[in-house]
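Q: structure, please.
(chains A and B)
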Amino acid sequence: AQSVAQPEDQVNVAEGNPLTVKCTYSVSGNPYLFWYVQYPNRGLQFLLKYITGDNLVKGSYGFEAEFNKSQTSFHLKKPSALVSDSALYFCAVRRYNYGQNFVFGPGTRLSVLP
Amino acid sequence: DVKVTQSSRYLVKRTGEKVFLECVQDMDHENMFWYRQDPGLGLRLIYFSYDVKMKEKGDIPEGYSVSREKKERFSLILESASTNQTSMYLCASSLRGVYTEAFFGQGTRLTVV
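A: Next up is the predicted model:
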């Protein structure tokens, strides 16, 4: 069964510093991994995905993620955090079934302090 | 611009009422999903549909049903609302295939009193 863990409920970082939001996964077969962001009282917005190929994936708003198969991790990163990056971040893996639905982690709240 | 639209942003309903949450997508996506979001639990799948009139139970289907009569529309029905169904409900859609991302609506915050 597929599952996703986000070990940190909350991450605090100063503006201008690099940020990392952690994600580990458990899947049978090839992992198809996604990151989403949610701003207050809004739906989720897609940031980036890993399907195959290069382990470093670049996405929207300057975010990138590093896929590590041996550590079963897919950490989200950004070289220089902005206050506007403060939001709730979800890691997800896609299931192999008729609808290929998504399994989400519990979310990590990122606070970027000015 | 792609769009998933949920009929209401906020709803307040009474215990025992039948509640309909509507979702429409304009991207001709085959797959549609209803998730429930609660603090600390992330998103949990209630039902999904991979084609018109086709539906599959997700992880927490109890107390819910769904309807998909047209490709663009996916409705979530709470047969008899209860206070433990107070939550944020998110609809999403995607193309068929594990490579594609989902697009989400803005969410419906339902309060059952």
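
Q: show me where the chain has its strands.
A: No chain specified, so I'll use chain A. Taking DSSP state E, the strands of chain A run over residues A:3-5, A:10-14, A:19-21, A:24-26, A:33-38, A:44-50, A:56-58, A:64-68, A:73-78, A:87-94, A:102-104, A:108-113.

Q: you looked at the wrong chain, it should be chain B
A: Assigned by DSSP E, chain B shows strands spanning B:4-6, B:10-13, B:19-25, B:31-38, B:42-51, B:54-57, B:64-70, B:73-78, B:87-94, B:103-104, B:108-112.

Q: turn the ones you listed into a markdown table, including mean neighbour count.
A: Where you see a C-beta, it was placed from the backbone N, CA and C, and this is true even at glycine. What follows is the strands of chain B, written out as a markdown table (neighbours: other CB atoms under 10 Å in any protein chain shown):
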| stretch | mean neighbour count |
| --- | --- |
| strand B:4-6 | 19 |
| strand B:10-13 | 13 |
| strand B:19-25 | 19 |
| strand B:31-38 | 24 |
| strand B:42-51 | 22 |
| strand B:54-57 | 15 |
| strand B:64-70 | 16 |
| strand B:73-78 | 20 |
| strand B:87-94 | 24 |
| strand B:103-104 | 22 |
| strand B:108-112 | 18 |
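
Q: so can I have a markdown table of the ones you listed showing mean pLDDT?
A: Formatted as a markdown table, the strands of chain B follow (pLDDT from 0 to 100):
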| stretch | mean pLDDT |
| --- | --- |
| strand B:4-6 | 96 |
| strand B:10-13 | 97 |
| strand B:19-25 | 97 |
| strand B:31-38 | 95 |
| strand B:42-51 | 92 |
| strand B:54-57 | 92 |
| strand B:64-70 | 97 |
| strand B:73-78 | 98 |
| strand B:87-94 | 96 |
| strand B:103-104 | 96 |
| strand B:108-112 | 97 |
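
Q: packing partners for the lowest-mean-pLDDT helix or strand in chain A?
A: The weakest-scoring helix or strand in chain A, judged by mean pLDDT, DSSP states H and E, is strand A:102-104 (a mean of 90). Applying 3 or more CB pairs under 8 Å, 6 or more residues apart in numbering or on different chains; DSSP states H and E, we find strand A:102-104 packed against strand A:3-5, strand A:87-94, strand B:42-51.

Q: residues making contact with that strand?
A: A:2-4, A:34, A:36, A:90-95, B:33, B:35, B:42-45, B:92, B:102 (CB atoms under 8 Å, 6 or more residues apart in numbering or on different chains).

Q: ok, which of the strands of chain B comes nearest A:Ser84?
A: Proximity to A:Ser84, assessed across these by CB to CB, is greatest for strand B:103-104 (19.5 Å).

Q: output the contacting helices and strands for that closest one.
A: Checked by 3+ CB pairs under 8 Å, 6+ apart, strand B:103-104 has strand A:44-50, strand B:87-94 packed alongside it.

Q: which residues are in contact with the residue lying closest to A:Gly43 once chain neighbours are set aside?
A: Leaving aside its chain neighbours, A:Gly43 sits nearest to B:Phe104 (3.6 Å; criterion: CB to CB, 6 or more residues apart in numbering or on different chains). Residues counted as contacts of B:Phe104 (CB under 8 Å, 6+ apart) are A:36, A:43-45, B:4, B:90-92.
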